[in-house]
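Peer 1: Quick one, structure for this:
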Amino acid sequence: MPRLSVNVDHVATLREARKVKEPDPAAAALLAELGGAEGITIHLRQDRRHIQPRDLDLLRMMIHTKLNLEMGTSEEIVKIALKTKPDLATLVPEKETEITTEGGLDLSQEDPRLKEVISLLHQMEIPVSLFINPTPNSVRK
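Peer 2: A predicted model of the protein is given here:
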């Protein structure tokens, strides 16, 4: 597991807000690697708010360290992850109204979709981590 993984989502946020081609998350990722990062983290959201599929494809080809893909459990995003094969998939909750991820998964209730997605990712030998709420019930599961 990398000791330092740099998240380049906000580089993409700036680009998308300005509706231009720069700054480029892939360029930022390469600079982070040159600076000693052992991993790059991105969140491909269902609404494509910042990171775009093209960014994911470029990063998968370009970076020399570990790629951590933060993702929701929608069918579309899971298909992209299975095709891209990140070094790690981190499952996170997504809400349309949030500007950035506001909290972790609530594991106090059974979630068949979450189990299904974990199984699909494991079948492709993609390690999975969960971004969870720090509640006793979630941590125990």
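
Peer 1: which regions of the chain lie under the pLDDT threshold?
Peer 2: 97-101, 141 (pLDDT under 70).

Peer 1: Residue 120 reaches residue 83, doesn't it?
Peer 2: No. Under the criterion of CB atoms under 8 Å, residue 120 makes no contact with residue 83, lying 11.8 Å away. Where you see a C-beta, it was placed from the backbone N, CA and C, and this is true even at glycine.

Peer 1: Looking at those two, which is more packed in?
Peer 2: Remark: of residue 120 and residue 83, residue 120 carries more neighbours, 17 against 12, as counted by other CB atoms under 10 Å.

Peer 1: and the more buried one, what is it in contact with?
Peer 2: Residues near residue 120 by CB atoms under 8 Å, 6 or more residues apart in numbering: 78, 82.

Peer 1: again with residue 26
Peer 2: Counted by CB under 8 Å, 6+ apart, residue 26 has contacts 55, 58-59, 62.

Peer 1: Recalculate using a threshold of 6 Å.
Peer 2: 58-59, 62 (CB atoms under 6 Å, 6 or more residues apart in numbering).

Peer 1: ok, how many other residues are close to residue 138?
Peer 2: Neighbours of residue 138 (other CB under 10 Å): 15.

Peer 1: Residue 41 is in contact with residue 68, correct?
Peer 2: Yes. Contact criterion CB atoms under 6 Å: residue 68 and residue 41 qualify, at 4.3 Å.

Peer 1: List the residues that are in contact with both of the two.
Peer 2: The contact sets of residue 68 and residue 41 overlap at residue 5 (CB under 6 Å, 6+ apart).

Peer 1: Go ahead and list the helix or strand containing residue 48.
Peer 2: Here residue 48, judged by DSSP states H and E, is contained in no helix and no strand.
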